[in-house]
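1. structure, please.
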Amino acid sequence: MQAVITSDRAAGFAGLSVSEVPYPHAAENDVIVRVHAAAFTPGELDWPGTWTDRAGRDRTPTVPGHEVSGTVVELG
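-> Residues are numbered from 1 along each chain as shown. Just a heads-up that it's a prediction; the model follows:
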């Protein structure tokens, strides 16, 4: 699948690129959404949740976009 990703927190919007990424599978308490539309806010690249998971582990490369519309296709 294709996604907008970023690996460099300091690069800001210049660090965004469209890349092919592996299909994610839902972990416990997760859902997979087939996205029809997505957006992200200007400050989202500064949010800690963009760069680390709930346990504080690094998420890079990361896929920004906390605002989505789509269909749930998998439950964890």
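2. contacts, neighbours, all on C-alpha from now
-> Noted.
3. spit out the contact partners of the closest residue to Val31 other than its chain neighbours.
-> Closest residue in space to Val31, ignoring its immediate chain neighbours: Leu75 at 4.6 Å, by CA to CA, 6 or more residues apart in numbering. Contact analysis of Leu75 by CA atoms under 8 Å, 6 or more residues apart in numbering lists Ala26, Asn29, Asp30, Val31, Ile32.
4. again with Gln2
-> By CA under 8 Å, 6+ apart, the contact list for Gln2 reads Val18, Ser19, Glu20, Val21.
5. what does the pLDDT read for it?
-> Looking at Gln2, its pLDDT is 90.
6. how many neighbours does the residue nearest to it when sequence neighbours are not counted have?
-> Using CA to CA, 6+ apart and skipping residues adjacent in sequence, the residue nearest Gln2 is Glu20, 4.5 Å away. Neighbourhood size, Glu20 [other CA atoms under 10 Å]: 10.
7. of all residues in the protein, which one is nearest the centre?
-> Val63 (2.8 Å; CA atoms, centre = their mean).
8. surely Leu16 is in contact with Arg9?
-> No. Using CA atoms under 8 Å, Leu16 is not in contact with Arg9, being 10.0 Å away.
9. hmm, back to that, confidence-wise, which of the contacts of Gln2 comes last?
-> For the contacts of Gln2, the weakest pLDDT value sits at Val21, with 91.
10. was I right about that one contacting Ala3?
-> Yes. The pair Val21 / Ala3 is scored as a contact, 6.7 Å apart, by CA under 8 Å.
11. who's more crowded, the two?
-> For Val21 versus Ala3, neighbours defined as other CA under 10 Å are more numerous around Ala3 (16 against 13).
12. if I've got this straight, the more buried one is in a strand?
-> Yes. Counting by DSSP: H, G, I helix; E, B strand; the rest coil, Ala3 is located in a strand.
13. bridge partners for Ala39, pull those for me.
-> Ala39 has these beta-bridge partners by DSSP bridges: Glu67.
14. helices along the protein, start to end?
-> 48-51 (DSSP state H).
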